[in-house]
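# what follows is a predicted protein model with its sequence.
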Amino acid sequence: MSYTLHRGDALTVLKTLPDESVDALITDPPYNSGGRTSSERTARDARAKYVTSGSAHDLQTFPGENRDQRSYRAWLTALLTEGYRASKEHSVAMVFSDWRQEPTTSDALQMAGWTWCGTIPWIKPASRPRKGGFKQSAEFITWGVKGSLNKNREIYLPGHFIASQPRKDRVHITQKPVEIMQQLVQICPEGGTVLDPFTGSGSTGVAALKEGRKFVGIELSSHYANVAEQRLRAELTQSDFDLAGPEA
């Protein structure tokens, strides 16, 4: 398998991708969640929003967390429209969000042309409690299809996932578990191409390579692009070694 990692703005790079060149779009965009006023949206960066105070790790922040909900929907719609153009018939789009942004994510998905097929919960056992209320233990994956699902594929995937965020060797603030991403990338046909416009630390790409898919990623942060590059190269090298097998 192979990968391509573009360094730059997601929307700008997406516009350069050929029509009908990818088989699945799986991504975790900046949620832009919780900022009601301009001061609230600009006073805290992503690290301040997503990392508990006093946390032991010192992971770097990432850009793109300053939009209000209306501009977020317009921006996400534009991104998913370009993703729709670059995707083949029967391709599936899967977009992570939190509870605040799940409604506007499903709006953006449909406005971009995808047929909304549902929302999948990701349950995180090790998650943030809420004093006097319910624990915030879920994120959501809104998914849709270009045209219709390929009913000729013999594949049946779960309707929910349970896994905590990585603790050991964690390299990104909002890093997703590779074991979940390995299941998600199976929506892409074997040998097909998975696109992630917000590559982050590269978990979607690592999962794609592990599952025999090609990967196209885009990342704006130079720091996280370097992290993703290292992880993708390591996985590609490991995969080559596994395929070759031990010498007799």
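Received, thanks.
# and the strand ranked longest in the chain, what does it pack against?
Assignment by DSSP state E gives strand 115-128 as the longest strand of the chain. When contacts are defined as 3 or more CB pairs under 8 Å, 6 or more residues apart in numbering; DSSP states H and E, strand 115-128 sits against strand 87-97, helix 102-111, strand 136-145, strand 161-162. For the C-beta atoms, the positions are set from N, CA and C on the backbone; glycine is no exception.
# take those and write them to a markdown table, including mean neighbour count and mean pLDDT.
Formatted as a markdown table, those follow (neighbours: other CB atoms under 10 Å; pLDDT from 0 to 100):
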| stretch | mean neighbour count | mean pLDDT |
| --- | --- | --- |
| strand 87-97 | 22 | 98 |
| helix 102-111 | 19 | 97 |
| strand 136-145 | 19 | 95 |
| strand 161-162 | 17 | 95 |
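# any chance of the ones you listed in a markdown table, plus distance to Glu20?
Below are the helices and strands packed on strand 115-128 laid out as a markdown table (distance: least, CB to CB, whole Å):
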| stretch | distance to Glu20 |
| --- | --- |
| strand 87-97 | 5 |
| helix 102-111 | 19 |
| strand 136-145 | 14 |
| strand 161-162 | 29 |
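# to Arg67, which of those lies closest?
Arg67 lies closest to helix 102-111 among the helices and strands packed on strand 115-128, at 10.7 Å (CB to CB).
# contacting residues around the closest one?
Identification of contacts with helix 102-111 by CB atoms under 8 Å, 6 or more residues apart in numbering yields 69, 72-73, 76-77, 80-81, 93, 95, 97, 116, 119, 140, 142, 144.
# for stretch 129-148, same thing?
Contact partners of stretch 129-148, identified using CB under 8 Å, 6+ apart, comprise 84, 87-99, 102, 105-106, 109-110, 113-125, 127-128, 184.
# same thing with stretch 70-88?
Stretch 70-88 is contacted from outside by 10-11, 14-15, 17-25, 29, 32, 67, 93, 95, 101, 104-105, 107-109, 111-114, 146, 195, 197, using CB under 8 Å, 6+ apart.
# from these, keep the buried residues only.
For the contacts of stretch 70-88, a neighbour count by 16 or more other CB atoms under 10 Å gives the buried set as 10-11, 14, 17, 22-25, 29, 32, 67, 93, 95, 101, 104-105, 108-109, 112-114, 146, 195, 197.
# I figured Leu184 hits Ile26, correct?
Yes: Leu184 is within contact range of Ile26, at 5.6 Å (criterion: CB atoms under 8 Å).
# so what sits against both of these two?
Joint contacts of Leu184 and Ile26 (CB under 8 Å, 6+ apart) are Met94, Thr204.
# between the helices and strands packed on strand 115-128, which gets nearest to Thr204?
Here strand 87-97 is closest among the helices and strands packed on strand 115-128 (CB to CB), at 9.6 Å.
# note down every partner strand of that closest one and its orientation.
Paired neighbours of strand 87-97 in the sheet (DSSP bridges): strand 22-27 (parallel), strand 136-145 (antiparallel).
# pLDDT weak spots in this protein?
Residue ranges of the chain with pLDDT under 70: 34-65, 167, 170-174, 239-248.
# which residue ranges of it form helices?
10-14, 38-43, 46-50, 69-86, 102-111, 178-184, 203-210, 222-244 (DSSP state H).
# and the fifth one, C-alpha only, in PDB?
Read that as helix 102-111. The C-alpha trace of helix 102-111 is given here as PDB (Å, rounded to 0.1, in the frame of the first residue of the first chain):
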ATOM      1  CA  GLU A 102     -23.600  16.800  15.400                       C
ATOM      2  CA  PRO A 103     -26.800  18.500  14.100                       C
ATOM      3  CA  THR A 104     -24.900  21.000  12.000                       C
ATOM      4  CA  THR A 105     -22.500  18.300  10.700                       C
ATOM      5  CA  SER A 106     -25.500  16.300   9.400                       C
ATOM      6  CA  ASP A 107     -26.700  19.500   7.700                       C
ATOM      7  CA  ALA A 108     -23.400  20.100   6.100                       C
ATOM      8  CA  LEU A 109     -23.100  16.500   4.900                       C
ATOM      9  CA  GLN A 110     -26.500  16.700   3.100                       C
ATOM     10  CA  MET A 111     -25.900  20.200   1.700                       C
END
